[in-house]
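> Let's see this in three dimensions:
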Amino acid sequence: MRHILVDAARRRAARKHGGALRRISLSGVDIPAADAACEVLDLHRALEKLAAQDARLARVVELRTFAGMTVQETALLLGVSKRTVDGDWKSARLWLAREMKA
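Numbering: from 1, shown residues only. Just a heads-up that it's a prediction; the model follows:
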């Protein structure tokens, strides 16, 4: 699911920078989809950095965010306790928040 969202965000970003589309003026028009695409790409880049530092934290984020799994489902899949997933989820969210602000 993560790769599907990232690919879609990349396509939107490519279109935003020209692509094969005809250019028109959008002054005064709010386009939230463009912001969402940038956020998905930023999250993807941050997750890649997190995975290099701690693969399990990145996997917890992927499962909770992109697969929509609960803490219990994530714990079962990873073979760890719910408490471990809770701690990993908190740590990963803090790390990602710092990384994406930078």
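> so what's Lys82 up against?
When contacts are counted by Cβ atoms under 8 Å, 6 or more residues apart in numbering, Lys82 touches Val71, Gln72, Ala75. C-beta: built from backbone N, CA, C; applies to glycine.
> Check which helix or strand the most centrally placed residue in the chain maps to.
In the chain, the C-alpha nearest the mean C-alpha coordinate belongs to Leu43, at 3.6 Å (Cα atoms, centre = their mean). For Leu43, the host element (DSSP states H and E) is helix 32-53.
> What lies in contact with that helix?
For helix 32-53, the external contacting residues (Cβ under 8 Å, 6+ apart) are 2, 5-6, 8-10, 12-13, 16, 57-59, 61-62, 65, 92, 95-96, 99-100.
> Tell me where this structure has helices.
All helices of the chain, identified by DSSP state H, fall at 2-16, 32-53, 55-61, 71-78, 82-101.
> follow-up on the earlier one: quick check: buried residues in the helix holding Leu43?
Neighbour-count burial for helix 32-53 flags Ala37, Val40, Leu41, Leu43, His44, Ala46, Leu47, Leu50 (criterion: 16 or more other Cβ atoms under 10 Å).
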